[in-house]
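Q: how would this look folded up:
(one chain, ligands or ions: 1)
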Amino acid sequence: MSINRRNFINLSSLGIAGFTLQGFVNKSSAKGMKPIVIATWDAGINANKGAWEVLSKGGSALDAVEKGVMVTEDEISCCVGLGANPDRDGHVTLDASIMDHEFNCGSVAFLERIKHPISVARKVMEKTPHVMLVGAGAQQFALAEGFTLEADNLSESADKAYKQWLKKSTYKPVINVERQTTAQPTSQLDDKFKAPARLSNGDWNHDTIGMVALDAKGNLSGSCTTSGAGFKLRGRVGDSPIIGAGLYVDNEVGAVVATGQGEDVIRVAGSSAVVEFMRQGKSPQEACRLVVEKVRKIKKEKAADIQVCFIALNKKGEHGSYALHKGFNYAVQTAEGHQLIESPFVM
Ligand code: ASP
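A: Sure, this is the predicted structure:
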């Protein structure tokens, strides 16, 4: 296990409460239901702030996880929202899913020209007898629900990245760039934390925003939204809109969301598998580790070329993560403030 000593020491010396080798414990939540929200990557810091506006006022985890990831959908980044990297034909196609504490869930996939796919996913959940709508049908539904059809333009940075990618036109996912991030106490974090960086060579990075939250009533919910793999084949759908793969919530147990190579999250029914390990009594971190280990075993030497990461939150407000490779982090927000935590990893 590569829960690296350096991170452990960093966290300990910063006095971050509740860190154990088994993961992170939102200790205050053990007594009552203290809200907490966690989200993937450093973009999760801003997203959590959006969610916290809801949670801190006693709002529901469901409203929080929708509002939270909408923040990232509004930012220009490589991998979320209409400003993100396009598919190989030059179109941005979006996947999103949402799930509440009663197994209600909704998702959209291969959705184009709609700014907030997460809100369309919620409408699918609340207004249709279905769980998933895709492509033209998802767009038609969104328009009928009053969403606006945005221009079919690439953002400036996506256009640049796409032009660069066209020079080689190879589909070669790049595992996440190791960022200069170590867990920091609230006071050391810049309030205007930057959206995820785009790789200068035009290849893609994994930066789906996935979020899970526990509200004051003790209910869990989760959300996930992404443009998926940059320069993917037209029509490709990843794990993010697939309930049980990219996202899963069981209010008796916990909530889990994934990021990384979607195909390899789907083949292990990743988020659902993590929830099942937590049901068996594993800590969130250990449950994530077991599923990441399974991916490593299945992929054999190919595991060197992919990234897969999970974050998990259990019913008690304990949270943890695991990644295949170094470089993954996740953001945590509670009443005590926010943190960015470097994930342990297996390779
Ligand atoms: N999981 C996403 C997908 O495969 C990508 C990511 O997390 O960045 O679509």
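
Q: How is residue 88 classified with respect to secondary structure?
A: coil (DSSP: H, G, I helix; E, B strand; the rest coil).

Q: Now do it against the ligand, distance only.
A: Distance, residue 88 to the ligand, by Cβ to the nearest ligand atom, to the nearest Å: 14 Å. All C-beta spots, glycine's among them, are computed from the backbone N, C-alpha and C.

Q: heads up, I number from 10, so please use that
A: Yes, from this point I'll number from 10; that puts the last item at residue 97.

Q: Not counting residues beside it along the chain, what's closest to that residue?
A: The shortest distance from residue 97 to any non-neighbouring residue, by Cβ to Cβ, 6 or more residues apart in numbering, is to residue 240 (5.0 Å).

Q: Assess the claim that that neighbour and residue 98 are in contact.
A: No: contact criterion Cβ atoms under 8 Å: residue 240 and residue 98 do not qualify, at 9.5 Å.

Q: so residue 283 is in which element?
A: Per DSSP states H and E: residue 283 is located in helix 279-288.

Q: Which SSE is immediately downstream of that helix?
A: helix 293-308.

Q: Only C-alpha atoms, please: export that following helix in PDB.
A: In PDB, the C-alpha atoms belonging to helix 293-308 read as follows (Å, rounded to 0.1, in the frame of the first residue of the first chain):
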ATOM      1  CA  PRO A 293     -14.500   4.000   3.200                       C
ATOM      2  CA  GLN A 294     -10.800   4.100   2.400                       C
ATOM      3  CA  GLU A 295     -10.400   0.300   2.600                       C
ATOM      4  CA  ALA A 296     -13.500  -0.300   0.600                       C
ATOM      5  CA  CYS A 297     -12.200   2.000  -2.200                       C
ATOM      6  CA  ARG A 298      -8.800   0.200  -2.000                       C
ATOM      7  CA  LEU A 299     -10.300  -3.200  -2.500                       C
ATOM      8  CA  VAL A 300     -12.000  -2.200  -5.700                       C
ATOM      9  CA  VAL A 301      -9.000  -0.300  -7.000                       C
ATOM     10  CA  GLU A 302      -6.900  -3.500  -6.300                       C
ATOM     11  CA  LYS A 303      -9.500  -5.400  -8.300                       C
ATOM     12  CA  VAL A 304      -9.000  -3.100 -11.300                       C
ATOM     13  CA  ARG A 305      -5.200  -3.500 -11.000                       C
ATOM     14  CA  LYS A 306      -5.600  -7.300 -11.000                       C
ATOM     15  CA  ILE A 307      -7.900  -7.400 -13.900                       C
ATOM     16  CA  LYS A 308      -5.800  -5.000 -16.000                       C
END
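
Q: What's the separation between the residue lying closest to residue 252 once chain neighbours are set aside and residue 89?
A: Spatial nearest neighbour of residue 252, chain neighbours left out: residue 114 (4.8 Å); criterion: Cβ to Cβ, 6+ apart. Here the criterion is Cβ to Cβ, to the nearest Å. By it, residue 114 lies 20 Å from residue 89.

Q: Who has more neighbours out of the two?
A: More crowded of residue 114 and residue 89, by other Cβ atoms under 10 Å: residue 89, with 32 against 22.

Q: Pretty sure the more buried one sits in a strand.
A: No: if the criterion is three-state DSSP, then residue 89 is coil and not within a strand.

Q: residues touching it, list them.
A: Counting by Cβ atoms under 8 Å, 6 or more residues apart in numbering, residue 89 makes contact with 52, 78, 81, 82, 216, 217, 218, 234, 235, 236.

Q: Next step: the residues you listed restricted to strands.
A: 218, 234, 235 (DSSP state E).

Q: For those residues, please prepare CSV with the additional fields pLDDT.
A: What follows is these, written out as CSV (pLDDT from 0 to 100):
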residue, pLDDT
218, 97
234, 98
235, 97
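
Q: from the residues you listed, which single one is nearest residue 346?
A: residue 218 (20.1 Å; Cβ to Cβ).

Q: residues near that closest one, how many?
A: Neighbours of residue 218 (other Cβ under 10 Å): 33.

Q: re earlier: same drill for residue 240 and residue 98, tell me which one is more crowded.
A: When residue 240 and residue 98 are compared for neighbours, residue 240 comes out ahead with 24 against 12, by other Cβ under 10 Å.

Q: which stretches of the stretch 160-309 of the chain form strands?
A: Applying DSSP state E, counting those that start in this stretch to the stretch 160-309 of the chain gives strands spanning 218-223, 229-235, 256-259, 263-269.

Q: Can you check which of those strands gets nearest to the ligand?
A: strand 263-269 (3.5 Å; Cβ to the nearest ligand atom).

Q: mind listing what's buried in the closest one?
A: 263, 264, 265, 266, 267, 268, 269 (16 or more other Cβ atoms under 10 Å).

Q: which of these are close to the ligand?
A: 268, 269 (Cβ under 6 Å from any ligand atom).

Q: Can you say which two of the buried residues of strand 263-269 are spatially most distant?
A: Greatest spatial distance in these: 263 and 269, 19.3 Å, computed using Cβ to Cβ.
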